[in-house]
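Q: prediction below, plus the sequence it came from.
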Amino acid sequence: MTYERFYGLKENPFGVTPDPRFFFSSKGHRDALAYLRYTLGEYKGFAAVTGEVGVGKTMVVKTFVESLDGGVDLAVVLNPKLSFRQLLSTVVNELGYAVKGKSKAELLIDLGQFLVEARRRDRSVILIIDEAQNVPLPSLEEIRMLSNLESEDRKLLQIALVGQPELEALLRLRSLRQLRQRIPGVCTIRPLSRGDVEEYVMTRMAKAGSDGSLRFTDDAFDEVYRYSGGTPRLINFVCDRALLLGFVEEARLMDSRLVLAAVKELEGRLGDDQTSSQPEVSERRG
């Protein structure tokens, strides 16, 4: 028997893979989603979303993508530590063009033709660059130049830069001031409050099909918040481990003792990780 069955759940409520079905509408995440929908939907050209590791940026982006209708062409760059030509090649390839052996100029022509044709058919084209704090400065400046592709009434390419707080620091650099001026505000996702943490946990359990037999005490939520600092990824880690420990003990009430035991195991694995490079460590630290 798995702990899901023991606790009357239909699936794991605390998986670490961002799943839009489990989107939690805290004010910060709701504002970020609305910001992307408005900025990209109104053809502003650029959007920028920042937040600490594990705070839920990818969840917001995936939820945004899920909400798009059939009139959108989408390109996503997940590893942007590339030269501009490499990044451009990735984008053009995602849009369906052959890129092998093409020069930067040829790739720009392909992209321009795609954007003009998309506009003719009244389609939007969105480029999402994740981990954008890793984009080299010269590439960021050339990405700005892509926003010069426009028709009489709109930018032809909508670009979302998504990254850690270092991205906002980059955008404050004088050398990138022209790019920063084109971004209508940077949306920053903050960690959850103590109250949000409790609602987050309960919401995820409900969406996982909880039959109500599993309950958390107030002091358990206190410890979850203390460990996670309101970071959703860490909330998932500690709650998943606490449920596993509770299952072993056949305990249907999650109290602070179980959460603290889960924290101890997770911190122990973190320590092991510093010497053995176990996969779980990269998750804990990432």
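A: Alright, I've got the coordinates.
Q: run through who's touching stretch 79-95.
A: 73-77, 99, 102, 104, 107-108, 110-111, 114, 125, 127, 129-132, 134-136, 138-139, 142-143 (Cβ atoms under 8 Å, 6 or more residues apart in numbering). Using the backbone N, CA and C atoms, a C-beta is placed for each residue, glycine as well.
Q: what do you get if the cut-off is 7 Å, keeping everything else the same?
A: Under the contact criterion Cβ atoms under 7 Å, 6 or more residues apart in numbering, stretch 79-95 has outside partners 73, 75-77, 99, 104, 107-108, 110-111, 114, 127, 129, 131-132, 134-135, 138-139, 142.
Q: can I get that stretch as PDB, trimmed to CA atoms?
A: The C-alpha coordinates for stretch 79-95 follow below in PDB (Å, rounded to 0.1, in the frame of the first residue of the first chain):
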ATOM      1  CA  ASN A  79      18.800  26.600 -21.300                       C
ATOM      2  CA  PRO A  80      19.600  30.200 -22.300                       C
ATOM      3  CA  LYS A  81      23.300  30.300 -21.500                       C
ATOM      4  CA  LEU A  82      23.900  30.600 -25.200                       C
ATOM      5  CA  SER A  83      25.300  33.000 -27.800                       C
ATOM      6  CA  PHE A  84      22.600  35.000 -29.500                       C
ATOM      7  CA  ARG A  85      23.000  32.900 -32.700                       C
ATOM      8  CA  GLN A  86      22.500  29.700 -30.700                       C
ATOM      9  CA  LEU A  87      19.500  31.100 -28.900                       C
ATOM     10  CA  LEU A  88      18.100  32.300 -32.200                       C
ATOM     11  CA  SER A  89      18.600  28.900 -33.700                       C
ATOM     12  CA  THR A  90      16.700  27.300 -30.800                       C
ATOM     13  CA  VAL A  91      13.800  29.600 -31.300                       C
ATOM     14  CA  VAL A  92      13.600  29.300 -35.100                       C
ATOM     15  CA  ASN A  93      13.800  25.500 -34.700                       C
ATOM     16  CA  GLU A  94      11.000  25.500 -32.200                       C
ATOM     17  CA  LEU A  95       8.900  27.400 -34.700                       C
END
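Q: let the chain start at 690 from now.
A: Will do, 690 is the new start, and the previous item becomes stretch 768-784.
Q: quick revisit: out of the contacts of stretch 768-784, which are buried?
A: Buried residues within the contacts of stretch 768-784, counting neighbours by 16 or more other Cβ atoms under 10 Å: 762, 764-766, 788, 796-797, 799-800, 803, 816, 818, 820-821, 823-824, 828, 831.
Q: restricted to helices, list the contacts of stretch 768-784.
A: For the contacts of stretch 768-784, the ones inside helices are 793, 796, 797, 799, 800, 803, 827, 828, 831, with DSSP state H as the criterion.
Q: buried residues in the helix or strand where residue 895 lies, which are they?
A: If you go by DSSP states H and E, residue 895 is part of helix 883-896. For helix 883-896, the neighbour count (16+ other Cβ under 10 Å) marks 885, 886, 887, 889, 890, 892, 893, 894, 896 as buried.
Q: can I get those in TSV including distance to residue 782 and pLDDT?
A: What follows is the buried residues of helix 883-896, written out as TSV (distance: Cβ to Cβ, whole Å; pLDDT from 0 to 100):
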residue	distance to residue 782	pLDDT
885	39	98
886	41	98
887	44	97
889	37	98
890	41	97
892	38	96
893	36	97
894	41	96
896	35	96
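Q: got the residues you listed as a markdown table, with distance to residue 844 columns?
A: Output for the buried residues of helix 883-896, formatted as a markdown table (distance: Cβ to Cβ, whole Å):
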| residue | distance to residue 844 |
| --- | --- |
| 885 | 35 |
| 886 | 38 |
| 887 | 41 |
| 889 | 35 |
| 890 | 40 |
| 892 | 36 |
| 893 | 37 |
| 894 | 42 |
| 896 | 36 |
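Q: show me which of the residues you listed is closest to residue 865.
A: Proximity of the buried residues of helix 883-896 to residue 865 (Cβ to Cβ) peaks at residue 885, which lies at 33.1 Å.
Q: appreciated, that's everything.
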